[in-house]
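Colleague: The following comprises the amino acid sequence and a computationally predicted model.
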Amino acid sequence: MLGKRELGHIHGDRLVDIPFPKPVRDQLVSSGQAEPHHILPNSGWISYFLRTEADVDHAIELMRTSFDLATAKRPVKGLP
């Protein structure tokens, strides 16, 4: 969580769900880097299945991207 914004979560030890702005989600899905969310396929969420050890590294990159996008939109305290 970043404030009240969820950056993603893991189901068990094989499925990662991460929210993105819809254009970013669409690019990740169209490029094969992620799949549409397993329950909400038309949302901004993606699902990423951990099948190999290398998938863990990619999931971390996806979570980092979610964090970077969230912090880029977050106002800095003390600044207008």
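Modeller: Yep, it's here.
Colleague: Grab the nearest non-local neighbour of residue 13.
Modeller: Leaving aside its chain neighbours, residue 13 sits nearest to residue 50 (7.0 Å; criterion: Cβ to Cβ, 6 or more residues apart in numbering). C-beta: built from backbone N, CA, C; applies to glycine.
Colleague: In contact with the one you found, which residues?
Modeller: Neighbour list for residue 50: 13-16, 56, 59 [criterion: Cβ atoms under 8 Å, 6 or more residues apart in numbering].
Colleague: next one: residue 65
Modeller: 20, 24.
Colleague: Same check on residue 10?
Modeller: 16-17.
Colleague: Specify the local secondary structure of it.
Modeller: Secondary structure state of residue 10, per DSSP: H, G, I helix; E, B strand; the rest coil, is strand.
Colleague: Would you check that residue 5 makes contact with residue 71?
Modeller: No. Counting by Cβ atoms under 8 Å, residue 5 stays clear of residue 71, with 9.8 Å between them.
Colleague: Just the pLDDT at residue 46, thanks.
Modeller: Residue 46 carries a pLDDT value of 98.
Colleague: Paired strands for the helix or strand containing it, with orientation please.
Modeller: Using DSSP states H and E, residue 46 sits within strand 45-49. Neighbouring strands of strand 45-49 in its sheet, by DSSP bridges, are strand 15-19 (antiparallel), strand 35-36 (antiparallel).
Colleague: tell me how far the shortest one is from the chain's mean position?
Modeller: This means strand 35-36. Distance, stretch centre to chain centre, for strand 35-36: 11 Å (Cα atoms, centre = their mean, to the nearest Å).
Colleague: cool, and stretch 9-29?
Modeller: On Cα atoms, centre = their mean, the centre of stretch 9-29 falls 4 Å from the chain's centre.
Colleague: Pop out the phi and psi values for residue 21.
Modeller: phi -60, psi 140 (degrees, to the nearest 10).
Colleague: Nearest residue to it in space, please, no chain neighbours.
Modeller: residue 44 (6.0 Å).
Colleague: From residue 32, how far out is that neighbour?
Modeller: Here the criterion is Cβ to Cβ, to the nearest Å. By it, residue 44 lies 18 Å from residue 32.
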